[in-house]
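Participant: Sequence and predicted structure, then a few things I'm wondering about:
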Amino acid sequence: MTCIAIANQKGGVGKTTSAINLATAMAATGMTVLLLDLDPQGNASTGLGITQAQRKRSSYDVLLGGATIDEAVVQSCVPRLEVVPATVDLSGAEIELIEYEARTHRLDRAFNQAVRRWDIVLIDCPPSLGLLTINAMVAADSLLVPLQCEFFALEGLSQLLSTVERIRNRFNPGLSILGVALTMFDRRNRLTEQVSTDVRAVLGRVVFETVIPRNVRLSEAPSHGLPALIYDHRCAGSEAYIALAREMIARLPKAAQAA
Ligand code: ATP
Ligand code: MG
């Protein structure tokens, strides 16, 4: 089981859109996939058609010990893709967790205790570097960092990377950066072209070849409770996420690729 946290403390950079569509693309290759929604906004759950009634058990319960991961899992609208949904309760979890022992390891422990095994677990993180994201980084094998092609793209990245370094030193030495994915690329806008060139110059090969274009189908799909890959599997956004999933799988350890 390979666990990938999708993290960037900047808001609105495409974490959730990437989580939903990469999970769908990976499930389509035959892998069993779990998407754990760790954002109180619950957008990943909503975007996969999980109703409020289906969120009786959630990532909040998993973190606070009220449910196991196996108990909290619900089937999504996509075959082989299951979800641990999020509810607004989760917004209080960062404060509540302060009282708990091993507060940084709650999620890691929950995964160690899970009976079920998935080939890939994706965690959709909230836009902060607080305890929720730290729990994800402690539990994960690697990180996917979506970076929006805009002027301030690299701003905040050093803070993210120093958090990763601290997590490595203290809790999870094996945590790696699987890659950085450029999102919301607009070919008609010279600035995004420039940003993409600059980001590649600074970060090098950690940046995936595949670039996610700005594509209205990607933003429409969640209102239908569907991944873009099902809503319109031929749109440019869907094709890009299929290519990105392929690139990500190729970067996984050999054993995980064979799954
Ligand atoms: P948050 O930090 O709030 O969790 P996020 O990083 O998860 O945000 P998303 O929710 O995926 O970001 O995207 C932010 C907004 O941009 C959403 O309305 C989404 O539909 C839209 N969006 C994301 N990616 C694209 C894209 N490639 N093309 C067009 N719209 C996009
Ligand atoms: Mg999000």
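Facilitator: All right, it came through fine. Ligands and ions are numbered 1, 2, ... in the order given.
Participant: And the residue lying closest to Ser58 once chain neighbours are set aside, how far from ligand 2?
Facilitator: Spatial nearest neighbour of Ser58, chain neighbours left out: Thr87 (4.5 Å); criterion: Cβ to Cβ, 6 or more residues apart in numbering. C-beta here means a position set from N, CA and C on the backbone, and glycine is covered the same way. Remark: distance between Thr87 and ligand 2 (Cβ to the ion, to the nearest Å) = 15 Å.
Participant: so Thr87 touches Lys56, yeah?
Facilitator: No: here Thr87 lies out of contact with Lys56, judged by Cβ atoms under 8 Å, at a distance of 9.3 Å.
Participant: Just want to know which of these two has more residues nearby.
Facilitator: More neighbours surround Thr87 than the other of Thr87 and Lys56, with 18 against 13 (other Cβ atoms under 10 Å).
Participant: Doesn't Ile4 belong to a strand?
Facilitator: Yes: if the criterion is DSSP: H, G, I helix; E, B strand; the rest coil, then Ile4 is within a strand.
Participant: Quick check: bridge partners of it?
Facilitator: Applying DSSP bridges to Ile4 yields these beta-bridge partners: Leu122, Ser142.
Participant: where does the stretch 151-259 of the chain come near ligand 1, residue by residue?
Facilitator: Remark: the part of the stretch 151-259 of the chain in contact with ligand 1 comprises 183-184, 212, 214-215, 218-219, 237, using Cβ under 6 Å from any ligand atom.
Participant: If we use 5 Å, what do you get?
Facilitator: Within reach of ligand 1 by Cβ under 5 Å from any ligand atom, the stretch 151-259 of the chain has these residues: 184, 212, 214-215, 218-219.
Participant: Most neighbours among these, which one is it?
Facilitator: Greatest neighbour count in these, by other Cβ under 10 Å, goes to Leu218: 28 neighbours.
Participant: could you say what helices and strands the helix or strand harbouring that residue packs with?
Facilitator: Applying DSSP states H and E as the criterion places Leu218 in helix 216-220. Here helix 216-220 is seen to pack against helix 15-28, helix 228-231, helix 236-251 when contacts are counted using 3 or more Cβ pairs under 8 Å, 6 or more residues apart in numbering; DSSP states H and E.
Participant: mind checking which of the ones you listed is nearest Gly179?
Facilitator: Closest approach to Gly179 among those is made by helix 236-251 (6.3 Å; Cβ to Cβ).
Participant: show me what contacts the residue in the stretch 51-200 of the chain that ligand 2 sits nearest to?
Facilitator: Per Cβ to the ion, Asp124 is where the stretch 51-200 of the chain lies closest to ligand 2, at 6.0 Å. If you count contacts by Cβ atoms under 8 Å, 6 or more residues apart in numbering, Asp124 has them with 6, 15-16, 19, 35-39, 43-44.
Participant: Confirm for me that Pro227 is in contact with Thr24.
Facilitator: Yes: at 4.1 Å, Pro227 and Thr24 qualify as touching, with contact defined as Cβ under 8 Å.
Participant: Mutual contacts of those two, please.
Facilitator: With contacts defined as Cβ under 8 Å, 6+ apart, the residues shared by Pro227 and Thr24 are Val78.
Participant: roughly how far apart are Gln9 and Leu252?
Facilitator: Here Gln9 is placed at a distance of 25 Å from Leu252 (Cβ to Cβ, to the nearest Å).
Participant: For Met1, which non-adjacent residue is closest in space?
Facilitator: Here the residue nearest Met1, using Cβ to Cβ, 6+ apart, is Arg117, at 5.1 Å.
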